[in-house]
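Asker: Everything below, folded, please.
(chains A and B)
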Amino acid sequence: MSATATASAPATPATSWWGRQRATLLIVLGLAAAVVVVLVLGGGGVRTSTPLDPDNPDPAGAQALARVLEDHGVDVTVVRGADALARAGVQAGTTVLVTSTDQLGDSTVRRMLDDTRGARLVLAGPGPGTTAALGVSGLPFTVSVGDARPAGCDDPRFADLSMQVDHALEYPGPDGCFGGEHGALVAEPRQGLTLLGASEALSNDQVLRSDNAAVLLRLLGGGNRLVWYVPSIDDLVADDGVSLSTLLPRWIRPGLWLGALALVALVAWRARRLGPLATEPLPVVVKAIETTHSRGRLYRRSGDRAHAADALRSAARSRARERLQLGAGDDTALVRAVAHQVGRPVEAVALLLGPDGPAPTTDHDLIALANDLAALDREVRRT
Amino acid sequence: MALRGRVPLLLLLGLVPVLVRPAMSTVWLWVLAVSLLVLADWLLAPSPDTVGLDRPPVGTVRLGHPAETVLLASNTGSRRVRGRLRDAWQPTAGAQENRHRLRLGPGDRTVLRTPLLPRRRGDLRAVGVTVRTHGPLGLAARQRTRQVAGSVRSLPPFEARRHLPSRLARLRDLDGRAAVRVRGQGTEFDSLREYVRGDDVRSIDWRASARNRNVVVRTWQPERDRRVVLVLDTSRTSAGRVEDVPRLDSAMDAALLLAALAARAGDRIDFVAGDRRVRSRVRSAGAKDVVANLQDTMADLEPVIAEADWASLAGAVSGFGRQRALVVLLTPLEPAAIEEGLLPVLPSLTRHHRVVLASVKDPALEQLAATRGTLDEVYDAAAAEQVLVRRRRTAGLLRALGVDVVDADAEQLPPALADHYLDLKARCLL
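Answerer: Numbers count the residues shown, from 1 in each chain, chains lettered A, B, ... in the order given. A predicted model of the protein is given here:
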């Protein structure tokens, strides 16, 4: 293009639309392709993203534990929902592991206790609502177990073992293993019911820490059969008390995070100015009247009524002199002329206007004098 | 580095995969993907330095009148440049729509026009040109600010221009070009013309009438080719603001009106401005465009917080020549400054020249003296009365030295000074 062209040649509308939107379309198509690839690669087979689910291979899932238990000859049956649990035919001696305990309500807890009579029940991290429904007194405490915690109890299964997880619940009670400040991580409030506070130990990424795996294998692999019960929120009936987190959709937390990050990007976008602020070399601002004002304040502070009255009187005299066209003469002549002009007694005018007039003794007198002088001035001008 | 509006939108688009796979890892993967895209886009964006910028001079404009600055942008690189450009000026230059879209192919040039509306007198400068080039994906941009010199000279507004026609009419009256001539106005013999009714019989030239069939009168015209020297005081007293306009600006207005009038009357105008030292000096031997010349000189004068050195200013006046002149001192009638600075040098001026002092009066002063409601106001009134008395005494002192004092409000000063000049001219006192 020649150097004298004043602007790039306008393209045809269709081309320019394509030119404008090309980048956007490319980005959207690329990201859509990425989403599809992720879904195709990661979506095969039976899998969920529920935490501590036996079919979840993610770090938060518990597929590893389920596989290992099966390899050790334990018959692992995964049941989802209360109806499936009822059909599973739990007998005495069977171990029942309950994950996703936040999906349990009053009614499902009752059905579960009915269906698992005689079995050994292990609940992974039940919250306060669930423990109350189970009839366990005392509220669980949320703690973090940074260092490996030894069993510290006389249960032979856990002798010499220790556990370590990021976050756990401690259940208060007289006996229990892996005790801490507020209670035990593995509590057995009554025969056949075990509360596993360190439920994160089931997860794929924490199962190998410390002796977690050994503790879980001894806890869950005691019998030949393990029924892995994943309760469903669909089984709840009305007025079941459940925790708030069960009612929120699972994408809320990551969604909020994403929204917050988008907000940060929005701020970064808007905060970047197109160049620095333009500044103005400011001129000096001096009010011409300022010195007079400060002189007035000075008089006021020193309370110099005599001086102020003097200034007012002499100004009034000089104005009257100008008005009556008298030369710079003596003041008595001026007072007489003014008195004659406005028709007031000479003595009164002399008191008001004369250089020997009394100085005002109070602020009120000064104000009165100033106003009288102004009134006299107006009278002189009018006549 | 600058993000664009698509980045937050793109991040929000991540809600779709989050819905499909609700886990925190999805969020981090998405953010990572977006960050990589943004980084790549930033690296791919052409450098802002490939945009060549050039600005022809803007020139001068009267304060409050629109102007325009032109920026020539060219793409010196080999890649297409898209982006934004901001031509920043100091705020009082009034560059409102100074953001432009850039869309340049390799070797292209474009002309970017930014309207200006100066709101302040003086040289108003461009602050910098910011170029932001967008990446090919439109996610990130590179940005750089460069200095491209540019300034617009905003001339004094010359508000008093509206008084000029009426004063010129009075000048023509003096001249005899428009109306009947009266004997005694002007002393320079102009021409002979036929007698018309209403002419002064004393101006009949009998000798010429005798040679003619009609009665002929002599006409006279006021002196021409007199000198007028305008002395503008830019010292601390001129910085004071009367109704938020610096006294200096009002004095400039008066000086411009007088210069325009005197130039039409055929006089020569010299101009000197200064405070501690002489700031500017203009010598115009009756040039036609004396007003434009003066406006240009005055544009960049600002009050200086320093006492005026009247000796050096008087020296500058006599530097213009020994010929008798009308010296107009445009300085506020501040008793202290006048008595200590000006009075000692006045005799040397009045000996050779006719001197006029033009001062901007502050109406707030008389208002302050007349308000006497509360105690504070009474004390203020006393102070104001004292200042007024001192002003009057200083004015009397100046008059005693043979100086004419024109003391008027900011609005009234230009016509008052012009009228005083016409008076002097009519009475042949120049």
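
Asker: so A:Glu170, which of the three states?
Answerer: Three-state assignment for A:Glu170 (DSSP: H, G, I helix; E, B strand; the rest coil): strand.

Asker: ranges for the helices of chain B?
Answerer: With DSSP state H, the ranges of helices along chain B come out as B:6-13, B:15-20, B:24-44, B:164-175, B:206-210, B:236-239, B:247-264, B:290-298, B:310-319, B:335-337, B:346-352, B:363-370, B:375-400, B:413-426.

Asker: Apologies, that question was intended for chain A.
Answerer: For chain A, the helices defined by DSSP H occupy A:13-42, A:63-71, A:82-87, A:106-115, A:128-134, A:212-220, A:244-247, A:252-271, A:290-302, A:305-323, A:331-342, A:346-353, A:363-382.

Asker: Could you identify which of the ones you listed has the lowest mean pLDDT?
Answerer: In terms of average pLDDT, helix A:244-247 trails the rest of the helices of chain A, at a mean of 63.

Asker: re earlier: I'd like the helices of chain A written out as CSV, with distance to A:Leu195 and mean neighbour count added.
Answerer: Placement of C-beta: from N, CA and C, glycine included. What follows is the helices of chain A, written out as CSV (distance: least, C-beta to C-beta, whole Å; neighbours: other C-beta atoms under 10 Å in any protein chain shown):
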stretch, distance to A:Leu195, mean neighbour count
helix A:13-42, 33, 13
helix A:63-71, 18, 17
helix A:82-87, 19, 17
helix A:106-115, 13, 18
helix A:128-134, 7, 20
helix A:212-220, 11, 20
helix A:244-247, 18, 12
helix A:252-271, 25, 16
helix A:290-302, 80, 16
helix A:305-323, 91, 20
helix A:331-342, 108, 18
helix A:346-353, 102, 17
helix A:363-382, 86, 16
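
Asker: hang on, the earlier thing: how about the helices of chain B in TSV, adding distance to chain A and mean neighbour count?
Answerer: Converted to TSV, the helices of chain B look like this (distance: least, C-beta to the nearest C-beta, whole Å; neighbours: other C-beta atoms under 10 Å in any protein chain shown):
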stretch	distance to chain A	mean neighbour count
helix B:6-13	4	20
helix B:15-20	5	18
helix B:24-44	5	17
helix B:164-175	27	17
helix B:206-210	45	11
helix B:236-239	5	24
helix B:247-264	7	26
helix B:290-298	15	21
helix B:310-319	20	18
helix B:335-337	10	16
helix B:346-352	23	15
helix B:363-370	5	17
helix B:375-400	4	20
helix B:413-426	14	21
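
Asker: what would those helices look like in CSV with mean pLDDT?
Answerer: CSV is the format used below for the helices of chain B (pLDDT from 0 to 100):
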stretch, mean pLDDT
helix B:6-13, 92
helix B:15-20, 89
helix B:24-44, 93
helix B:164-175, 84
helix B:206-210, 87
helix B:236-239, 88
helix B:247-264, 92
helix B:290-298, 89
helix B:310-319, 91
helix B:335-337, 88
helix B:346-352, 90
helix B:363-370, 88
helix B:375-400, 91
helix B:413-426, 91
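
Asker: Quick one: closest of the helices of chain A to A:Glu181.
Answerer: Taking C-beta to C-beta, helix A:128-134 is the member of the helices of chain A nearest to A:Glu181, at 17.9 Å.

Asker: what's the closest one packed up against?
Answerer: Other helices and strands packing on helix A:128-134, by 3 or more C-beta pairs under 8 Å, 6 or more residues apart in numbering or on different chains; DSSP states H and E, are helix A:106-115.
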